[in-house]
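Colleague: make a model of this:
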Amino acid sequence: MGRLSYFFKRLVKMDWKAMWKTAGMLRKRSGKSRLWLMADMLRCAIKYNAGYIDYKIAQMYRLNDAQRATVITRGISNSIVRRMNDKAYWHFFDDKTQFNALFREYIPRKWLLITPDTELAALEDITAGQTQLIGKPLEGSSGQGILKFTQEDWAKGPAAFKALLLEKGIGILEEIVVQHPDMASLCPTSVNTCRIATLLGDKKQGIVYAFLRIGNGKVMDNVDCGGMAARIDLESGKLLTVGADKQGNTFTKHPMTGTPIVGFTIPYWEEAKAMCLEAAKKVPQMRFVAWDVAITPDGPTFIEGNSFPSHAIPQFAAHYPDGIGILPEFRKFIDL
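Modeller: Model prediction:
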């Protein structure tokens with residue numbers, strides 16, 4: 001009776017409209033009928049706790065049952081985060097000023113909290129000698145609300161600039177991160193960051209996965225802003241796979257610069273790994289954190305840390321052509 005009740009609860013909560021739209025998108029790619037895809041999505045939702053986004057990103061229509069069982073779906077991911085991360089400590093990562101303050105030894109750039117009480121002298125100090133600055137909301141994800149400001153924006157003085165920042169919902173103002181020339185060779189319009197996930201498990205502690213986010217003409221490298229991602233080999237720091245975007249497009253070379261993606265080596269890779277592993281011990285109540293790391297000419301630096309890491313991007317189908325997802329990697333660290 002309990003299982004039957006669970007089944008009907010899942011049916012009620014499903015976004016049937018979004019599922020139907022997704023089935024329409026996948027029909028040509030998969031060669032399956034829309035009704036077949038709807039039925040298969042429903043089966044994956046019940047059997048693997050997979051949402052329609054999981055189904056699309058991991059291309060579960062091409063996987064057999066054994067392969068599907070290796071995919072970390074939304075339901076599994078949520079349970080891992082709830083189990084590993086104490087919500088009382090999320091604020092150290094969700095609030096960007098708290099993150100910068102706690103991990104200041106890894107963040108040499110200047111930054112300033114923006115509130116109605118921010119002193120004009122502090123704004124004058126952070127803009128002095130700068131041509132550009134980055135403004136972000138205090139909280140948020142997927143690159144939403146992040147804006148670049150230039151000298152023109154503060155040319156009318158600190159009071160006018162402060163009013164502009166508050167109007168735009170900016171909570172923190174930061175110096176621009178200058179990335180390593182090798183990283184800029186992939187895409188110079190964005191700071192291309194490594195997403196390195198640390199897991200302090202009961203069986204093992206270390207890095208469970210890593211991928212590189214690469215921009216595609218915009219300020220942000222985030223896939224929600226049109227960027228792409230490629231899987232990083234944890235030992236060598238080389239890119240193992242093609243770049244893939246959220247729509248399922250794949251790239252062997254960057255479409256803007258022509259720089260080869262497969263085989264590209266991340267500079268300062270050992271230092272980046274060491275920084276994340278060291279930082280992971282600062283808040284032991286947060287055992288599963290995804291760190292966004294920029295590589296500068298002088299070494300790695302943090303952009304931010306994520307208290308609720310996305311399970312989707314690490315499982316782009318292009319990154320696992322054998323159809324085996326990342327669940328087996330997590331099982332090396334924790335029992336699932």
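Colleague: ok, the residue nearest to residue 281 when sequence neighbours are not counted to residue 284 distance?
Modeller: What sits nearest to residue 281 in space, not counting adjacent residues and going by Cβ to Cβ, 6 or more residues apart in numbering, is residue 200, at 7.8 Å. Glycine gets a C-beta too; all of them are placed from N, C-alpha and C. According to Cβ to Cβ, to the nearest Å, residue 200 and residue 284 sit 7 Å apart.
Colleague: out of these two, which sits in the more crowded spot?
Modeller: Taking neighbours as other Cβ atoms under 10 Å, residue 200 and residue 284 compare with residue 200 leading, 19 against 10.
Colleague: OK, contacts around that one?
Modeller: Neighbouring residues of residue 200 by Cβ atoms under 8 Å, 6 or more residues apart in numbering: 84, 280-281, 284, 287-288.
Colleague: can I get those residues in JSON lines including pLDDT and secondary structure?
Modeller: Converted to JSON lines, the contacts of residue 200 look like this (pLDDT from 0 to 100; DSSP: H, G, I helix; E, B strand; the rest coil):
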{"residue": "84", "pLDDT": "97", "secondary structure": "helix"}
{"residue": "280", "pLDDT": "98", "secondary structure": "coil"}
{"residue": "281", "pLDDT": "96", "secondary structure": "coil"}
{"residue": "284", "pLDDT": "96", "secondary structure": "coil"}
{"residue": "287", "pLDDT": "98", "secondary structure": "coil"}
{"residue": "288", "pLDDT": "98", "secondary structure": "strand"}
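Colleague: are any of those buried, and if so which?
Modeller: The neighbour-count test (16 or more other Cβ atoms under 10 Å) marks 84, 280, 287-288 as buried among these.
Colleague: what's the first helix or strand after the lowest-mean-pLDDT helix or strand in the chain?
Modeller: Ranked by mean pLDDT, DSSP states H and E, the weakest helix or strand in the chain is helix 2-13, scoring a mean of 59. With elements assigned by DSSP states H and E, the helix or strand that comes after helix 2-13 is helix 16-30.
Colleague: for the record, mean pLDDT for the helix or strand following that following helix?
Modeller: Using DSSP H and E, the helix or strand that follows helix 16-30 towards the C-terminus is helix 34-48. Averaged across helix 34-48, pLDDT comes to 93.
Colleague: for residue 50, what are its contacts?
Modeller: Per Cβ under 8 Å, 6+ apart, neighbours of residue 50: 41, 44, 58, 60, 68, 71, 73-75.
Colleague: show me which of those is closest to residue 303.
Modeller: residue 74 (24.7 Å; Cβ to Cβ).
Colleague: what is the neighbour count of that closest one?
Modeller: 18.
Colleague: ditto for residue 137
Modeller: 17.
Colleague: swap in residue 252?
Modeller: For residue 252, using other Cβ under 10 Å, the count is 11.
Colleague: next: residue 63.
Modeller: The local packing of residue 63 (other Cβ under 10 Å) involves 20 other residues.
Colleague: just residue 121 next, same as before
Modeller: For residue 121, using other Cβ under 10 Å, the count is 8.
Colleague: could you do residue 44 as well?
Modeller: Residue 44 has 23 neighbours, counted by other Cβ under 10 Å.
Colleague: nearest to residue 312 among the contacts of residue 200?
Modeller: Closest to residue 312, out of all of these and judged by Cβ to Cβ, is residue 288, at 15.4 Å.
Colleague: leaving out sequence neighbours, find the closest residue to the closest one.
Modeller: In this structure, residue 288 finds its nearest non-sequential neighbour in residue 84, 4.0 Å apart by Cβ to Cβ, 6+ apart.
Colleague: OK, contacts around that neighbour?
Modeller: 199-201, 286-288, 334 are the contacts of residue 84 under Cβ under 8 Å, 6+ apart.
Colleague: let's have these in JSON lines, adding secondary structure.
Modeller: Formatted as JSON lines, these follow (DSSP: H, G, I helix; E, B strand; the rest coil):
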{"residue": "199", "secondary structure": "strand"}
{"residue": "200", "secondary structure": "strand"}
{"residue": "201", "secondary structure": "coil"}
{"residue": "286", "secondary structure": "strand"}
{"residue": "287", "secondary structure": "coil"}
{"residue": "288", "secondary structure": "strand"}
{"residue": "334", "secondary structure": "coil"}
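Colleague: now, the most widely separated pair of those?
Modeller: Farthest-apart pair in the contacts of residue 84 is 286 and 334; separation 14.5 Å (Cβ to Cβ).
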